[in-house]
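Peer 1: Build the 3D model from these lines:
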Amino acid sequence: MMSRVKANCLGFSLVIVFCPVFIFQAHAQTPSPSPAHPGRSYDSGPVGRKPPAPAPQFPSPITFTDITTQTGINFKHAASPTSQKYLPETMGGGVALFDYDNDGRLDIYFTNGALLKDPMTANAQPDKTDPRFWNRLYHQKIDGTFEDVTEHAGVRGVGYSMGVAAGDFDNDGYVDLYVTYYGGGTLYRNKGDGTFEDVTKKTNANPGGWATSVGWFDYDRDGRLDLFVLRYMDWDFVRGSLACGATVRAYCHPDNFKGVAPALLHQKEDGTFEDVSMKAGIADPTGKGLGIAFADFDNDGLTDIFVANDSVRQFLFHNRGDGTFEDVALLSGAGYDDNGKTFAGMGVDAADYDNDGFPDVFITTLSNETYPLFHNSGDLTFTSRTSVSGIGLITLLNTGWGTRFVDFDNDGWRDLFVAQGHVLDTIESSTSYLNYKQTPILMRNTGKGFVNVSNSAGLTMSLAARGAAFGDLDNDGDVDVVIAQTNGAPVILRNNGSKNNWLGISLSGLKSNRQGLGTRVVVTDSTGAKQIFDVSTASSYLSSNDPRIVVGLGTKTAQSIQVKWPSGVVQTVTSPAVDRYMTIKEYSK
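Peer 2: Presented below is the predicted three-dimensional model:
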């Protein structure tokens with residue numbers, strides 16, 4: 001990986017971090033950030049640098065069709081750009097794919113910005129009054145088109161919104177929403193009648209701060225979902241008006257601001273939340289979290305947390321099983337890149353890409369860095385596979401955000417999709433070989449590494465992409481993609497599918513949480529080969545994914561499905577039919 005050149009222009013990374021406390025207002029005692037290196041933009045690199053030749057493109061069995069217009073969705077993210085180049089303007093928004101009315105079809109929720117004054121005064125806050133800044137909920141109709149139900153549902157949002165997580169926190173069978181914003185988070189309880197209720201105050205669910213990515217999980221296996229909320233930086237609109245950029249004003253690099261700890265909110269028996277960040281051991285104040293991924297990295301039955309941090313060390317919180325976590329990122333080898341340097345962590349996912357039985361980690365970063373791929377050795381240590389996998393050459397000139405491991409062609413190997421777009425809308429004036437708008441990347445997993453198949457897959461659109469969510473919108477057994485742009489319209493990509501066999505799995509918990517988040521699913525095919533899945537809606541960047549698992553089988557069939565619930569219940573389904581979805585309900589014993 002190439003080292004990043006520090007300048008005072010911003011280089012965003014997605015990081016997943018929870019902060020117990022976030023300093024939201026300006027503090028007179030905070031020292032002024034040091035000036036940036038003159039004459040360099042964030043990504044310009046050494047004078048005279050020549051860009052490397054692009055990675056070769058390969059034919060793709062996977063193809064996508066842009067169906068945005070056909071869906072009837074007319075949302076446009078409004079960033080409210082100013083001459084001050086406030087950081088929230090370039091961070092974009094997220095997407096949630098979830099079925100809020102239990103009709104069997106995925107619905108879509110987009111987060112949005114808010115009106116910013118130019119400049120913002122000391123006590124001013126972003127204004128969401130104008131409908132063009134509302135977050136939007138789209139209900140999918142039976143014909144595959146979507147209708148805007150935001151007003152009726154009551155989920156227009158608060159402040160300058162960022163991330164979203166969908167989860168049934170009260171186990172009533174209806175999926176709820178948690179939405180982050182500059183200032184904290186909002187918990188919307190799904191009432192089951194097509195409307196939502198803001199229960200943030202009564203549940204004590206707002207940790208404050210500049211909250212970014214958020215995820216639902218049950219870290220203590222008590223059957224109630226808890227919240228992990230990442231916070232980005234100790235930033236406000238006064239200090240955020242710092243002039244950055246060597247030749248033109250640009251977004252400031254996060255090195256100019258202090259970090260903030262993430263927040264862990266434990267759900268109590270009465271449905272309220274308690275901030276346990278300090279006693280749980282996750283309150284590291286150096287964090288600049290943008291992306292979260294949950295997985296059981298050491299196969300001990302407990303959900304661990306990986307946080308993608310921007311330009312500081314990454315976090316890997318190992319679940320000790322007693323309500324506390326230990327950050328093992330440094331000792332594990334996943335805290336820095338393979339040169340021992342920090343990088344701009346932004347989006348992240350964890351999954352077993354090589355089918356060896358242990359979840360691996362992939363992180364998106366800034367251009368002139370490569371997207372790290374950390375291979376899990378099985379003992380809580382990781383080795384970098386960025387270069388040998390082929391990912392290094394493919395990603396060097398790109399800036400990535402939303403991402404996920406998905407087997408798009410159902411051949412039994414999980415591929416990688418990355419939504420891309422540079423942080424700086426001025427980058428082309430300082431670095432001729434970099435672009436603000438970039439095409440998405442699809443890296444196909446061949447079983448021996450990854451190859452770039454983006455062009456032949458139909459991913460030729462240039463986007464200022466940020467969040468991305470993944471799910472089977474049309475219930476045809478292959479995973480589709482919804483991309484959010486900053487200050488632009490989303491892109492909805494339909495996966496055109498393959499002839500390979502597949503198996504779709506939905507979970508219904510009884511003693512465990514209703515959605516089965518944190519469950520380990522092991523699918524054995526007709527040859528005896530196994531694939532593992534840790535059920536989670538988190539990962540990517542600011543987004544929430546379809547909770548269902550789609551297992552690619554190639555030409556094979558399924559021999560068995562083993563389900564290891566968070567409650568400790570283990571059950572097995574033998575000889576399941578393929579090419580269809582099935583629901584597995586937790587045993588009562």
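Peer 1: Run through the stretch 101-250 of the chain and note the low-pLDDT ranges.
Peer 2: Within the stretch 101-250 of the chain, no stretch has pLDDT under 70.
Peer 1: Try it again at 90.
Peer 2: Regions of the stretch 101-250 of the chain meeting the criterion pLDDT under 90 cover residues 122-123, 245-248.
Peer 1: now swap in the chain and tell me
Peer 2: 1-55, 122-123, 245-248, 429-432, 588-589.
Peer 1: can you give me the helices for it?
Peer 2: 68-71, 88-91, 150-153, 200-203, 277-280, 329-332, 391-395, 427-430 (DSSP state H).
Peer 1: contact partners of the longest one?
Peer 2: Just to be clear, that refers to helix 391-395. Outside helix 391-395, the residues that touch it by C-beta atoms under 8 Å, 6 or more residues apart in numbering are 1, 52, 55, 362, 365, 370-371, 373, 385-387, 416, 418, 441, 443, 450, 452. Bear in mind the C-beta positions are built from the backbone N, C-alpha and C, glycine included.
Peer 1: what's G554 in contact with, if anything?
Peer 2: Contacts of G554 by C-beta under 8 Å, 6+ apart are N410, D411, G412, N500, N501.
Peer 1: and of the residues you listed, the nearest to T203?
Peer 2: Nearest to T203 among these is N410, at 39.8 Å by C-beta to C-beta.
Peer 1: now the nearest residue to that closest one once chain neighbours are set aside, which residues is it bridged with?
Peer 2: Nearest in space to N410, with sequence neighbours left out and distances taken as C-beta to C-beta, 6 or more residues apart in numbering, is G552 at 3.3 Å. Beta-bridge partners of G552, counted by DSSP bridges, are W502.
Peer 1: ok, G552 to R414 distance?
Peer 2: 8 Å (C-beta to C-beta, to the nearest Å).
Peer 1: Report how many residues lie close to the closest residue to G157 other than its chain neighbours.
Peer 2: The shortest distance from G157 to any non-neighbouring residue, by C-beta to C-beta, 6+ apart, is to N135 (3.5 Å). Per other C-beta atoms under 10 Å, the neighbour tally for N135 reads 26.
Peer 1: Kindly report the same for P576.
Peer 2: Neighbours around P576, by other C-beta under 10 Å: 17.
Peer 1: ditto for the one 10 residues further on
Peer 2: The burial metric for E586, expressed as a neighbour count using other C-beta under 10 Å, is 21.
Peer 1: From S83, how far out is the nearest residue to P81 once chain neighbours are set aside?
Peer 2: The shortest distance from P81 to any non-neighbouring residue, by C-beta to C-beta, 6+ apart, is to E89 (5.0 Å). Separation of E89 from S83 (C-beta to C-beta): 11 Å.
Peer 1: Of those two, give the one with the bigger neighbour count.
Peer 2: Neighbour count, other C-beta under 10 Å: between E89 and S83, E89 has more, with 20 against 8.
Peer 1: And the more buried one, how far from Q70?
Peer 2: From E89 to Q70 the distance is 30 Å (C-beta to C-beta).
Peer 1: hey, where'd the strands end up in the stretch 51-200 of the chain?
Peer 2: 64-66, 95-98, 107-110, 136-140, 146-148, 161-167, 176-181, 184-190, 196-198 (DSSP state E, counting those that start in this stretch).
Peer 1: Which of those has the highest mean neighbour count?
Peer 2: strand 161-167 (a mean of 30; mean count of other C-beta atoms under 10 Å).
Peer 1: Run the chain-centre distance for that strand.
Peer 2: Centroid displacement of strand 161-167 relative to its chain, using C-alpha atoms, centre = their mean, to the nearest Å, is 10 Å.
Peer 1: and that strand, what other elements does it pack with?
Peer 2: Contacts defined by 3 or more C-beta pairs under 8 Å, 6 or more residues apart in numbering; DSSP states H and E place strand 161-167 against strand 95-98, strand 176-181, strand 211-217.
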